[in-house]
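structure here, sequence nowhere to be found:
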DNA sequence: AATATACTTGACTAAAATAGTCGGGTATAT
DNA sequence: ATATACCCGACTATTTTAGTCAAGTATATT
C-alpha cells in the first residue's frame, strides 16, 4: 500500500513554482535542477497540469510555466487529480447496484474503505499550495 | 494511487471468521466460498496472520482457523501490518538525517505526506474487527 | 491402519501500475 | 537564423500485486 511518486513530484514542482514565482515564467530545466526530478518526467507531468489549467505555459526562449491562480487557491487535491492520482481505496465494485467480489451484496469492509477514501480526499481538499510554502525554511528544498 | 487488495482480503476474511465464529475452527474453504476469494490466496494470507498471532490454526479434518483474540481487540492496523500492508506515503528517504531526491534537505512536501500517513494510520488504529461486524446486516456478505 | 481433509511452505508466474526515456516535433525571444 | 523550451505520443524497464503450483505435514474419522 504505497502512494505513488508522480503526485508528489507534481506537488513539489508546483511548490517550487510558487516559491520562486516572479513576473517571468520558470523553466522546467530550473525546476528539474532544483528539485532533482528528471526533466523529461517533469514535461509529462506539466502537460497534464496545463491541460487542467493549474499552470500556464510560455514558449520559446525565456519561456516556462507560471501558476494559473494564487498558490493558496490551488488545492492539493486539484493537483493530484490533474495528474491522475485519484485515491482509490477499493478494488470491489464502486457501482452501488452491484456487490463486491462477484457477489450480490456489498462486502463487509466496503464502508471501511469508503470512509478512508473520504478521509484522505478531505485531507487533500483542505490543504493548498500556499500552506506548503508558508512553512518554508532553510531546511527545505 | 491505489490501496491494494491483499489487506482488504485479510480484513474480509477475518471479519468472516468473527461473524461465523463458534467453538469450532473455520476452514479456509468455507471462507473462500462465502467471500469469493481464491483459496490458494487465502492460504498465503493466513500464514502471515498466523505468524503475527492474529489467528490460531487447527490441522486435519475439521481443522481451520480461529481468532486469537476477541474481535474488538483486533485493530485493523494489526491486520494490515500482519500482511505487510503498511501505508507508505513517501518515496523520499524516511531517514531524517538524509534529504529527499538525493538532495541534502527535506523536500517541501515531506511533512505533507508524513501528516497524511499519520492520518491514515490513526484511522486504522481506531477501528477494530468488532466495529465491522457490529454493523452487519442482510445487505452485507 | 487408511484416508480424506485442511493447514504449511516456498517458489513460481502473470498482470498491472509506475517511473522514466526517446524521438521528433512547434513556437518564440533574441 | 538559432537556441531555448514547451509539446506530444509512443515506448521500455522496473516494481508491485495478485494469484497459482507443487509437494508436503498433521490429525480426526472410519
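Now that the structure is in, tell me what you want to look at. What you are looking at is a predicted structure, and each value in this text was computed from that prediction instead of being measured.

quick one: contacts of stretch A:34-51?
A:6, A:9-10, A:12-14, A:16, A:20, A:28-29, A:31-32, A:55-57, A:65, A:79, A:82-84, A:141, B:100-103, B:107 (CB atoms under 8 Å, 6 or more residues apart in numbering or on different chains). Where C-beta positions appear, they are placed from N, C-alpha and C, glycine not excepted.

tell me the mean pLDDT over it?
Stretch A:34-51 shows a mean pLDDT of 94.

show me the contacts of stretch A:34-51 that map onto helices.
Among those, DSSP state H puts A:6, A:9-10, A:12-14, A:16, A:28-29, A:31-32, A:79, A:82 in helices.

what does chain A have sitting close to DNA strand C?
Listed as neighbours of DNA strand C in chain A under the rule CB under 7 Å from any atom of the strand: A:4-6, A:9, A:38, A:40-41, A:43-44, A:58-63.

list only buried entries from these.
Taking 16 or more other CB atoms under 10 Å in any protein chain shown as the criterion, what is buried in those is A:5-6, A:9.

contacting chain B as well, which ones from the residues you listed?
The overlap between those and the neighbourhood of chain B (criterion: CB under 8 Å from any CB of the partner chain) consists of residue A:5.

pLDDT for the buried ones among the residues of chain A next to DNA strand C - can I get that in JSON lines?
Compiled in JSON lines, those are given as follows (pLDDT from 0 to 100):
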{"residue": "A:5", "pLDDT": "83"}
{"residue": "A:6", "pLDDT": "89"}
{"residue": "A:9", "pLDDT": "93"}
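
can I get the buried ones among the residues of chain A next to DNA strand C in a markdown table including distance to residue B:88?
Converted to a markdown table, those look like this (distance: CB to CB, whole Å):
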| residue | distance to residue B:88 |
| --- | --- |
| A:5 | 11 |
| A:6 | 15 |
| A:9 | 16 |
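
what parts of chain A come near DNA strand D?
Counting by CB under 7 Å from any atom of the strand, the residues of chain A lying close to DNA strand D are A:1-2, A:25-29, A:40, A:43-44, A:46-47, A:50, A:57-65, A:91.

before we move on, back to that, which among the ones in helices among the contacts of stretch A:34-51 count as buried?
Buried subset of the ones in helices among the contacts of stretch A:34-51 (neighbour count, 16+ other CB under 10 Å): A:6, A:9-10, A:12-14, A:16, A:28, A:31-32, A:79, A:82.

on that earlier part again, looking at the residues of chain A next to DNA strand C, which is nearest residue A:128?
residue A:9 (17.7 Å; CB to CB).

and which of the ones in helices among the contacts of stretch A:34-51 is nearest residue B:71?
When the ones in helices among the contacts of stretch A:34-51 are compared for distance to residue B:71, the smallest value, 38.3 Å, is given by residue A:6; criterion: CB to CB.
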